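Novice: sequence plus predicted model, see below.
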Amino acid sequence: MENMGNTLTQLLPLIVLIAIFYLLIIRPQQTQAKKHREMVAALDKGDKIVTSGGFIVEIVKREEEFFMVRLNDDTIVKLAKDYVARKFEQ
């Protein structure tokens, strides 16, 4: 019985450390990723976005994995949805 209590007191700091790590690092990251996925899913034609490269572009068409975006009047390119940083608000 004494051995089980000794093992528990040895594992308690590790359990507390894992709980703190989860609450301070993993959980906020998951929340931020979920908000980003929801934001990307809500984007539609005509919305302006900022890419992770810093370009401000306008969405021309949605596709399964990509957005067709307009860089300027003559240039339309494909952009992977993973590279959308945020929606551009003026």
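Specialist: Cool, the structure landed.
Novice: now do the helix or strand harbouring residue 49: which elements does it pack against?
Specialist: For residue 49, the enclosing helix or strand under DSSP states H and E is strand 48-51. Here strand 48-51 touches strand 56-62, strand 84-87, going by 3 or more CB pairs under 8 Å, 6 or more residues apart in numbering; DSSP states H and E. Any C-beta I mention is one placed from the backbone N, CA and C, and that applies to glycine too.
Novice: roughly how far does the residue most central in space within the chain sit from residue 53?
Specialist: For the chain, the residue nearest the mean C-alpha position is residue 33 (3.0 Å; CA atoms, centre = their mean). Using CB to CB, to the nearest Å, residue 33 is found at 20 Å from residue 53.
Novice: helices of the chain, start to end?
Specialist: With helices called from DSSP state H, the chain shows them at 2-21, 27-42.
Novice: ranking those by mean pLDDT, which is last?
Specialist: Among the helices of the chain, helix 2-21 carries the lowest mean pLDDT, a mean of 85.
Novice: quick one, that one and helix 27-42 angle?
Specialist: 40 degrees (axes from the mean of the first three to the mean of the last three CA atoms, to 10 degrees).
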